[in-house]
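*Asks:* what shape does this take:
(chains A and B)
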Amino acid sequence: MTVADDVKTVAGAKDGRPARSRRWTSVAAALSLPLVLLVVWQLAASSGAYSTAQLPPPLSVLEALGELGGDASLWTHIAISVQRVLVGFAAGAGLGFLLGAVVGLSPGVRAVVAPSIAALRAVPSLAWVPLLVLWLGIGEGPKITLVAIGSFFPVYTTISAALAHADPHLVEVGRAYGLRGGGLLGRIMLPSVAPAIFSGLRLGLAQGWLFLVAAELIASSMGLGFLLTDSQNTGRTDILLLAILLLATLGKVCDAILGLVERRVLRTHT
Amino acid sequence: MTITTAPAGVSLRGVGRAFGDHVVLRDIDLDIAPGEVVALLGASGCGKSTLLRMVGGLDLATSGTVRVDGHDVTGIDPRCAVVFQEPRLLPWRTLAGNVALGLPRDLPRNRRDAESRQWLAEVELRGFADHRPRQVSGGMAQRTALARALARRPGVLLLDEPFAALDALTRLRMQDLVEDVQRRSGTTVILVTHDVDEALKLADRVVLLGGAPTGVSVVLDVPGDRPRDHHQPELAELRSELLAGLGVPRRTPLERETHAR
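*Replies:* All right, here's what the predicted structure looks like:
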């Protein structure tokens, strides 16, 4: 019997254009819109319709970067914010992963725990701030906790839902071939929901950044959120815009790094 | 590599299965000798897959006892291996990695890959060990599922309509392969099917399930040695009897001849 003729060609493996040139095309496409916005920004700022206090031109934001970057303060703001996000995200995503797995796997636990967690999730991020300040003071504790709260929910929600609906056929195969408990979870269930796990982590990281700014806006003397309020109070719109651009860039870089890990892990996956 | 297994006998005594108030199977008595090939034949939804799953411990009887090799089945039975209607391969593993799922847990790590590849060779998939399930055809995926089951060196091989989703030619090849593997390994086989010709080709005995709730309607010995051609004249009468039992009566060739005159 010949089997070679049964083999399907792998979809997408044979494409005329080399991968490198396609990647540059997509990078160029992604950068085109920011460039257009930059031009529009420049035109709007130089049209005279807005004062420089309302809308400083792009160049003065660049100058603000040079000014703040010259002394170490800008890097301290960035470093402390990144640190808060990473520590808070690790704690929140870790807890979300564990609780999501337990709730996803056990209908009993789900019945007891899931409705309460769903109710907590409905609390707006800023509502936690007074309570956290009251309980944890004004140090790093409340900020990291708020980021952790932000990261927790997307990870918890996606993982509990994905595991509860893991392919029953594959789970049954695992059982039929002698896997139980941790072995079944590690070898069949988690790999089968790996794409959902990664989208949960990416959502959690993005929400961590959102909650970071909420934390730093309120009670803080460092960080990019503090830079936002401080520049507003001192009328430095250029620094305010710089802080927003830095938040966008850092958020995007964090997501891209996680996306790279995701691509590597899922490359062999489907 | 030798693929010999120690075939196990199966014994069902008064086996029944109810889902809530709904009784699906009742009072099933059946003894299967070690090394025997038995086909469970019945209409769709009659509970023949449920019966097979109870032998493998994937489902538990609500009454009666199921025994494999003299031991009551109370959970997943290590002496049984199942091939499902769908290949059910793990898409993130290679074919060899999928077969490895069937290997004994205590097999040393450095021998697992080589053994997986040998089992793939047994189902004529030498050279495809590093392919992913999505890269191969449905027939090849189902052969991989068979290799995964064989890697368990099962006393009882449970086949749950494993050819139903395959095209006609691939199905014939798979039937030949299963026949060949059974002859060389000597394992007991329980084959669930709704295809009368498939049952007559592969089985030593055919168990026709029917009634509501389902019970054993009739057990027939299939004459002649395997491999069989289901067009053999002595099988024709058996074939019409089974089809009549399934509610689709056909005239035998002899009757057809008489009618033509």
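
*Asks:* ok, A:S125 - contacts?
*Replies:* A:L146, A:I149, A:G150, A:L210, A:F211, A:A214 (CB atoms under 8 Å, 6 or more residues apart in numbering or on different chains). Backbone N, C-alpha and C define where each C-beta goes, glycine included.

*Asks:* element containing the third one, please.
*Replies:* Taking DSSP states H and E as the criterion, the element that holds A:G150 is helix A:140-164.

*Asks:* pLDDT weak spots in the stretch 151-261 of chain B?
*Replies:* B:230, B:251-261 (pLDDT under 70).

*Asks:* now the helices for the stretch 51-200 of chain B?
*Replies:* With DSSP state H, counting those that start in this stretch as the criterion, the stretch 51-200 of chain B has helices at B:95-100, B:109-122, B:138-150, B:168-185, B:196-202.

*Asks:* between the contacts of A:S125, which sits nearest chain B?
*Replies:* Among those, A:G150 lies closest to chain B (CB to the nearest CB), at 30.3 Å.

*Asks:* let me know the pLDDT of A:L31.
*Replies:* Looking at A:L31, its pLDDT stands at 89.

*Asks:* please identify the helix or strand for it.
*Replies:* Here A:L31 is assigned to helix A:19-46, by DSSP H and E.

*Asks:* buried stuff in that helix?
*Replies:* Within helix A:19-46, the residues that count as buried by 16 or more other CB atoms under 10 Å in any protein chain shown are A:W41, A:A45.

*Asks:* what are the ranges of the helices in chain A?
*Replies:* Using DSSP state H, the helices of chain A run over residues A:19-46, A:58-70, A:73-105, A:107-121, A:125-136, A:140-164, A:168-176, A:181-184, A:190-192, A:194-218, A:224-233, A:237-266.

*Asks:* most tightly surrounded among the ones you listed?
*Replies:* helix A:140-164 (a mean of 24; mean count of other CB atoms under 10 Å in any protein chain shown).

*Asks:* dump the residue contacts of the residue nearest to A:S199 when sequence neighbours are not counted.
*Replies:* Nearest residue to A:S199, sequence neighbours excluded (CB to CB, 6 or more residues apart in numbering or on different chains): A:T158, at 6.1 Å. If a contact means CB under 8 Å, 6+ apart, then A:T158 has A:G100, A:A196, A:I197, A:S199, A:G200, A:L203 as its contacts.

*Asks:* for the spatially closest residue to the last one that is not a sequence neighbour, give me its contacts.
*Replies:* Pointing back at A:L203 there. Closest residue in space to A:L203, ignoring its immediate chain neighbours: A:P154 at 3.6 Å, by CB to CB, 6+ apart. A:P154 is in contact with A:G96, A:G200, A:L203, A:G204, A:A206, A:Q207, counting by CB under 8 Å, 6+ apart.

*Asks:* and stretch B:99-117, how far apart are its ends?
*Replies:* The first and final residues of stretch B:99-117 sit 8 Å from each other (CA to CA, to the nearest Å).

*Asks:* chain A contacts on chain B?
*Replies:* Applying CB under 8 Å from any CB of the partner chain, one finds that chain B approaches chain A through B:56, B:58, B:76, B:78, B:81-82, B:84, B:86, B:88, B:90-92, B:101-102, B:105, B:124-125, B:128, B:131-132, B:134-137, B:139-140, B:148, B:152, B:173.

*Asks:* residue 106: neighbour count?
*Replies:* No chain specified, so I'll use chain A. 14 (other CB atoms under 10 Å in any protein chain shown).

*Asks:* let's do chain B instead
*Replies:* Around B:D106 there are 5 residues (other CB under 10 Å).

*Asks:* now swap in B:V123 and tell me
*Replies:* 26.
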